[in-house]
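**Student:** Sequence and predicted structure, then a few things I'm wondering about:
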Protein chains: 2
Amino acid sequence: MTERLVVIGGDAAGMSAASQARRLRGPDDLAITAFERGHFTSYSACGIPYYVGGVVTDAEELIARSPDEHRARGIDVRLRHEAVEIDTGRGRVRVRDLDAGTERWEGYDRLVVATGSVPTRPKLPGADAAGVHGVQILDDGIAIRRVVEQDRPARVVVVGGGYIGLEMAEAMVQQGLRVSLVDAAEQPMRTLDADMGAIVADALRGIGVDLYLGERIEGFDTSGGRVTAVRTAERTLPADLVVLGLGVRPNVEMARAAGIGIGASGGIVTDRRMRTGTEGVWAAGDCVQTRHLISGEPVAIALGTHANKQGRVAGIDIGGGYATFPGVVGTAISKLCKMEVARTGLNEREAAAAGFASLSAVVESTTRAGYHPGATTMKTKLVVERRTGRLLGAQIVGEEGAAKRIDGLAIALWNRMTVEEMTGLDLAYAPPFSPVWDPVLIAARKAAELVERDMRS
Amino acid sequence: MTERLVVIGGDAAGMSAASQARRLRGPDDLAITAFERGHFTSYSACGIPYYVGGVVTDAEELIARSPDEHRARGIDVRLRHEAVEIDTGRGRVRVRDLDAGTERWEGYDRLVVATGSVPTRPKLPGADAAGVHGVQILDDGIAIRRVVEQDRPARVVVVGGGYIGLEMAEAMVQQGLRVSLVDAAEQPMRTLDADMGAIVADALRGIGVDLYLGERIEGFDTSGGRVTAVRTAERTLPADLVVLGLGVRPNVEMARAAGIGIGASGGIVTDRRMRTGTEGVWAAGDCVQTRHLISGEPVAIALGTHANKQGRVAGIDIGGGYATFPGVVGTAISKLCKMEVARTGLNEREAAAAGFASLSAVVESTTRAGYHPGATTMKTKLVVERRTGRLLGAQIVGEEGAAKRIDGLAIALWNRMTVEEMTGLDLAYAPPFSPVWDPVLIAARKAAELVERDMRS
């Protein structure tokens, strides 16, 4: 008998699950239907700022695999269909056809919940006015770029200084617009320590963004239903376009209502094969909770690369194979014009919150041999456990060629290396790629010396 | 009483040892004298091709720390002084002042042997003719560049297709010269497998180098003591300038004569603190033998980054601290105009020689998200142990941004990761830096699938 797999959500996690299940099980064995409320499947949400900024010309370029390509592979994709209720007892999902306005129940034997995340929208007067845009799905990106190109808004205010906020601010600058960025925190990118965040703040100012840090949004002024300004306690910032980059939270209300377990982080709880506690139901992507392998804490991190991996693991499990998603170490990377920023593991604040006593080493170095053309400077910070010297986290801020070095540090973290051990690592050296001591090694040396000095004191 | 530390060799290993010893012990406690037969200290030998090619303007730029800078730090540097004999019984070194032509004995309590390597020179007629240059010390690089700029040789023949040979061939092309490259092997870069080496061969031809592979040098034609051609069994290649890139071997004759133990690889045997078997004698750099952590075999690898690390470890040990150099995994990287090449661990041939049964996965991918400007293609190859799926080695060939990814693979190797485990690695993703599946992850996935399929067959 043909089993029925239903996938809720047609982006990275859902379609990865569907694809892997299809790879391992033929259509006679497993029928696969995916419901997606938007117009697109398998697109790069992380690419939206580059589309808005004009670096990517066409929204189509962001689509890794179109609905028709999925269909050709034997996956029945239904666009503009929104799942609105899961009935785990009877194994069915209530689905709304958004265009026809009709609803029906779809039965499943296996279900993948890949409902993604919902952007944080401030509950403030005017937050729903025209001209206030979130950045969540590709349709949002298309809408913002249309506004940018057609209306040429004189003043743009970006609310929130996280990755999306910064990337959108850069996109607006690239489009030649005047941009302000407001954040309640005293620094942009709170996933960095203050010293590294300050460099990012300077870079933002350097590309012409007006920064208002430590200012909380209190409301939006409107006129005729359109936003005209953003208000903080300190000032009123005129705005023709407001972009919200206040972060996201797992989209789990439907799963919660169905009795599927939700964890402390707000995401759906799964095991390492992405099985939820409910028989026959898997979950993957931005809507799930995972484990931070360094802090040991449950976390919900919305990132395409995790969504793809988790979807793959769920699909392999459904397909009868074996794969696991053990957790994350919190790696992230971003580019702000010429500046590259990356981090992994725990920063100082996070290390303290997780109960670690830590030391930090910060080193400045060049990305290539100092005499090689194209060498730029970069700053590397390592957060290290006292006494043991175990690496707990790393941050990099620099120019071309700096930030991807975070991968090596993430792998060292993953393997619970100490900085002393890391000083011996056999990293690639040639003048066009690295100084004779790679910045990662210089930082490890400095950190190892600090640990030793601390032990003697 | 003040101890006397004598260092033989004033480049990376020797001066790193001297510097670390000085950092940990003051001048009243330890007197440090370093003898260097050349004119320079602490320079980047790996930078020579970039100086010859004109990418680096001035030879001085390759010098990390001048003799005077070392002297200011309390290290007595004697240039143009060559150690010619070690008397371990009486703790003294016979040193020749090359300019004065005199010799004297210098006593030591502790000795660091950092005599580097000697380039392989073919024992063939004409090999010592004028116009035939090795590339070993900075003086060689200065001599070659002078020839290139003043004589504008019409035809250059590079002998040997390893890293130095290729980098020198590129340097000559950059100087606008016509270049042929001859190698006895059927591919350049024998540290790569044939499939990856073929890409490098194509790139060499692409920049205009005439390649003669599988041709062994039989001699050099000369006229009036100057080289005029390079002869192989197949042809005679006219040459006004010949550059030898035939590799190097550890420079150990003086150490051997002194009874210091030499290993199977031809390098001086040390423990992980860089102590030789002879009381009071350390060794570091190109002249030592180290352990390949994947094959388990003793190897001698001449590379500035190892020399620096080993020198540091020896110096810390002499200074009373604790540090170790556990071995290498065989990481190397190179650039050939736009092409980047890197490798780590064992290639297929080396894996077989070390007794591993292996499988290989090769994947093609982009360095950034495919839609992001500047994305280029790259090829990643993983060599993996059958059954266990343990990573044994990796090779990367690609363009801008490709090759430094070898570091992550080297760290995975170092930690004995399996490719299955690697599929979960939390590597940095954002469109300007990586596709949503980093090439390293794509390769790990493919390799994990191969291992599983092989197990079922």
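**Tutor:** Received, thanks.
**Student:** Do you have the strands of the stretch 151-300 of chain A handy? List them.
**Tutor:** Counting by DSSP state E, counting those that start in this stretch, the stretch 151-300 of chain A has strands at residues A:155-159, A:178-183, A:210-213, A:217-223, A:226-232, A:236-238, A:241-244, A:248-250, A:281-283, A:290-291, A:298-299.
**Student:** so which of those is the most packed in?
**Tutor:** Of all the strands of the stretch 151-300 of chain A, strand A:281-283 carries the top mean neighbour count, a mean of 29, counting by mean count of other CB atoms under 10 Å in any protein chain shown. Placement of C-beta: from N, CA and C, glycine included.
**Student:** Identify the residue spatially nearest to residue A:321, adjacent ones excluded.
**Tutor:** residue A:24 (5.7 Å; CB to CB, 6 or more residues apart in numbering or on different chains).
**Student:** returning to what we had before: include distance to chain B when you put the strands of the stretch 151-300 of chain A into TSV, please.
**Tutor:** Below are these laid out as TSV (distance: least, CB to the nearest CB, whole Å):
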stretch	distance to chain B
strand A:155-159	18
strand A:178-183	19
strand A:210-213	21
strand A:217-223	26
strand A:226-232	27
strand A:236-238	28
strand A:241-244	18
strand A:248-250	16
strand A:281-283	17
strand A:290-291	10
strand A:298-299	12
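**Student:** Among these, which comes closest to residue B:244?
**Tutor:** With CB to CB as the criterion, residue B:244 lies closest to strand A:290-291 of the strands of the stretch 151-300 of chain A, at 55.2 Å.
**Student:** Could you list the paired strands of that closest one along with their orientation?
**Tutor:** With DSSP bridges as the test, strand A:290-291 is paired with strand A:298-299 (antiparallel).
**Student:** Give me the mean pLDDT for the partner strand.
**Tutor:** For strand A:298-299, mean pLDDT rounds to 97.
**Student:** Quick one: distance of whichever helix or strand comes after that strand to the chain centre.
**Tutor:** For strand A:298-299, the succeeding helix or strand toward the C-terminus, using DSSP states H and E, is helix A:304-318. From the chain centre to the centre of helix A:304-318 is a distance of 15 Å (CA atoms, centre = their mean, to the nearest Å).
**Student:** thinking again about what came up before, could I get the strands of the stretch 151-300 of chain A as TSV with distance to residue A:270?
**Tutor:** Below are the strands of the stretch 151-300 of chain A laid out as TSV (distance: least, CB to CB, whole Å):
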stretch	distance to residue A:270
strand A:155-159	32
strand A:178-183	32
strand A:210-213	37
strand A:217-223	34
strand A:226-232	38
strand A:236-238	42
strand A:241-244	29
strand A:248-250	12
strand A:281-283	5
strand A:290-291	8
strand A:298-299	11
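**Student:** Figure out which of those is closest to residue B:179.
**Tutor:** Residue B:179 sits nearest to strand A:178-183 of all the strands of the stretch 151-300 of chain A, at 50.7 Å, using CB to CB.
**Student:** Neighbouring strands - and their directions - for that closest one?
**Tutor:** strand A:155-159 (parallel), strand A:210-213 (parallel).
**Student:** Now these in TSV, please, with extra columns for mean pLDDT.
**Tutor:** Shown next, in TSV, are these (pLDDT from 0 to 100):
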stretch	mean pLDDT
strand A:155-159	97
strand A:210-213	97
